[in-house]
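Novice: let me see the structure of the following:
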Amino acid sequence: MCIRDSDGRALTLWRDEARTVQEIDRFSARDAERWPAFRRQVTRMAGLLRGMLLLPPPDLSALRGGDLMGWAPLALRLKRLGGDDMMELMRVLPMAARDYLDEWFESDALKGALGGSAVVGATLGPRGAGTNLGFFYQNLGGLLEQRFVVGGMGRLAEALAEAARERGATIRTGTAVARVLVEGDPEPAAVGVELASGETIRAAVVLSNADPRRTLFDLVGPQHLEPETMRHVRNIIYRGSTARVNLALSGLPEFAGVADAEQLGGRIRVSPSLDTIERAYDAAKYGRFSERPYLEIVIPTLRDPSLAPAGHHILTVTALYAPYTLRDGDWDGQAAAFGQAVLETLESVAPGLRDKMLHCQVVTPLDLERRYGLTEGSIYHGQMGLDQMLVMRPIPGWSRYETPLRNLYLCGAGAHPGGGVTGAPGYNAARAVLSR
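Specialist: Down below sits the predicted model:
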């Protein structure tokens, strides 16, 4: 759902196509007519990208038949698209999201509701070249599809941990890894890890879920890397600009233009137009946080009331843009001011929200780095542009989960296919280890 703060109207996009067409018609009859064809194209093209998730990128430096065979079914699907659709896919992927959406629609509200998907996890505005790839990536599961973990996202981690223990895994938490142990000359290899406590754990294979720079520079050390590899790792673009604001509320907030709580059950976007997102990005280009940020809101207690006391709610805001590097001051001194900018933007579409606010937590890009080890606060372990995807992720020549250090593998979002809760990087990395 997109809320227009300029005139107080809200546009709700439903999974039901007929219902969505009727809703869009309130803003533009032309756009309502075009919606079904647009949805079919996005679903078809995103489906092709989804087919790449569990396919390790081929090694272009030493192409082997086995590498390419895995891509044969996807190549066949591309061929079955037909020449026109194949050309269309190649045309739209590198486009700016704004240009793509402008080709389809005229309504600012509809384009604003859709355009936020293109900039998630990136320090780019919708006019940026290649942002349309981000739009399709965010819709891999289908346009408007959203999955929800009952009990909160932590339950997913708990379920995975339980399944691993049942199969003999030992899981240790609250124990920091200080470095990867490296032995061997002239071909050094990872032989285990040393914990912050000084304890060592030896292993035949080490897999790192940390981002590539943290893994190779902080845990391995540049002394074990070739100068060319160091250069590529140093050049990975992170530039986090995502912040989170978590609110505990005494009741459900009232949003302008919303008559039914069912409208609040999915993602709520405060993005009246693509121009408002672009203006929010303009501030980040010059090292300032956006005073009128783009907001994407979720109220998880509408789906799972057990997450809060009866009648209370949790509201989580993902806010753009909050650049990791500020021109003036730092995030320790600016977090409260940014939190106020988020609240003011939020209250412009949900009047009286502050009256229901019991607690407010602001998580800045610096907090994401310090608490969760996300370099420069990049939630995807590096931006996901055309220059950092497929065979270029994490760095040229090392896109198949192996690293320049023998027996060390990357299994996190810094590897193909990238960020998001897909499990694909870990799945592919495990297969890479098992196929050695």
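
Novice: only C-alpha atoms for contact and neighbour calcs from this point on.
Specialist: OK.

Novice: tell me how many other residues crowd residue 399.
Specialist: 24 (other CA atoms under 10 Å).

Novice: actually residue 22, not the one I typed
Specialist: Using other CA under 10 Å, residue 22 has 15 neighbouring residues.

Novice: please begin residue numbering at 801 from this point
Specialist: Done: numbering now begins at 801, and the last item shifts to residue 822.

Novice: tell me the SS of it?
Specialist: helix (DSSP: H, G, I helix; E, B strand; the rest coil).

Novice: what's the distance between it and residue 828?
Specialist: 10 Å (CA to CA, to the nearest Å).

Novice: do residue 1076 as well
Specialist: Per CA to CA, residue 1076 is found 19 Å from residue 828.

Novice: ditto for residue 1203
Specialist: 51 Å.

Novice: of those two, who's got more company?
Specialist: Counted by other CA under 10 Å, residue 1203 and residue 828 do not tie: residue 1203 has more neighbours, with 21 against 18.

Novice: now the phi/psi pair for the more buried one, please.
Specialist: phi -120, psi 170 (degrees, to the nearest 10).

Novice: quick check on the residue nearest to it when sequence neighbours are not counted: phi, psi?
Specialist: For residue 1203, ignoring the flanking residues on the chain, the nearest one in space by CA to CA, 6 or more residues apart in numbering is residue 1209 at 5.6 Å. Main-chain dihedrals, residue 1209, degrees, to the nearest 10: phi -130, psi 150.

Novice: check contacts around residue 1209.
Specialist: Counting by CA atoms under 8 Å, 6 or more residues apart in numbering, residue 1209 makes contact with 1005, 1006, 1007, 1008, 1201, 1202, 1203, 1229.

Novice: want to throw those into JSON lines with distance to residue 1219, pLDDT and secondary structure?
Specialist: Shown next, in JSON lines, are those (distance: CA to CA, whole Å; pLDDT from 0 to 100; DSSP: H, G, I helix; E, B strand; the rest coil):
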{"residue": "1005", "distance to residue 1219": "23", "pLDDT": "98", "secondary structure": "coil"}
{"residue": "1006", "distance to residue 1219": "21", "pLDDT": "98", "secondary structure": "strand"}
{"residue": "1007", "distance to residue 1219": "17", "pLDDT": "98", "secondary structure": "strand"}
{"residue": "1008", "distance to residue 1219": "15", "pLDDT": "98", "secondary structure": "strand"}
{"residue": "1201", "distance to residue 1219": "15", "pLDDT": "96", "secondary structure": "coil"}
{"residue": "1202", "distance to residue 1219": "18", "pLDDT": "95", "secondary structure": "strand"}
{"residue": "1203", "distance to residue 1219": "18", "pLDDT": "95", "secondary structure": "coil"}
{"residue": "1229", "distance to residue 1219": "14", "pLDDT": "97", "secondary structure": "helix"}
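
Novice: which of the residues you listed tops the neighbour count?
Specialist: Neighbour-wise, the contacts of residue 1209 (other CA under 10 Å) top out at residue 1201, 28 neighbours.

Novice: can you show me the helices along the stretch 901-1050 of the chain?
Specialist: For the stretch 901-1050 of the chain, helices defined by DSSP state H, counting those that start in this stretch occupy the ranges 908-915, 931-938, 954-966, 1012-1013, 1027-1034.

Novice: which one of those lies closest to residue 1139?
Specialist: Closest to residue 1139 of those, according to CA to CA: helix 908-915, at 22.6 Å.

Novice: can you check what angle separates the longest helix seen in the chain from helix 908-915?
Specialist: Counting by DSSP state H, the longest helix found in the chain is helix 829-850. Calculated by axes from the mean of the first three to the mean of the last three CA atoms, to 10 degrees, helix 829-850 forms an angle of 10 degrees with helix 908-915.

Novice: what pLDDT, on average, does helix 829-850 get?
Specialist: Averaged across helix 829-850, the pLDDT comes to 92.

Novice: could you do stretch 1213-1221 as well?
Specialist: Across stretch 1213-1221, the average pLDDT comes to 94.

Novice: state the distance from the nearest residue to residue 1154 once chain neighbours are set aside to residue 1054.
Specialist: Leaving out its chain neighbours, the residue that sits closest to residue 1154 by CA to CA, 6+ apart is residue 1147, at 7.4 Å. Going from residue 1147 to residue 1054 by CA to CA gives 10 Å.

Novice: any common contacting residues for those two?
Specialist: Joint contacts of residue 1147 and residue 1054 (CA under 8 Å, 6+ apart) are residue 1153.

Novice: low-confidence ranges in the chain?
Specialist: Across the chain, residues meeting the criterion (pLDDT under 70) sit at 801-807, 860-883.

Novice: residue 1070 touches residue 1080, doesn't it?
Specialist: No - counting by CA atoms under 8 Å, residue 1080 is not a contact partner of residue 1070; they are 11.7 Å apart.

Novice: overlap in contacts of those two?
Specialist: The contact sets of residue 1070 and residue 1080 overlap at residue 1094 (CA under 8 Å, 6+ apart).

Novice: more crowded one of those two?
Specialist: Comparing residue 1070 with residue 1080 by other CA under 10 Å, the one with more neighbours is residue 1070, at 28 against 22.

Novice: in this protein, which spans are strands?
Specialist: 802-803, 810-811, 977-983, 989-995, 1000-1002, 1006-1008, 1043-1049, 1068-1070, 1094-1098, 1113-1120, 1157-1163, 1208-1210 (DSSP state E).

Novice: so which of these is nearest residue 1030?
Specialist: strand 1208-1210 (15.8 Å).

Novice: and residue 1135, how many neighbours?
Specialist: Residues lying near residue 1135 (other CA under 10 Å) number 21.

Novice: what does residue 1194 give?
Specialist: Residue 1194: 30 neighbours (other CA under 10 Å).

Novice: ok, it touching residue 1186?
Specialist: No - using CA under 8 Å, residue 1194 is not in contact with residue 1186, being 12.0 Å away.

Novice: got a list of what residue 843 touches?
Specialist: 939, 940, 942, 943.

Novice: and if we set it to 7 Å?
Specialist: 942, 943 (CA atoms under 7 Å, 6 or more residues apart in numbering).

Novice: understood, closing this out.
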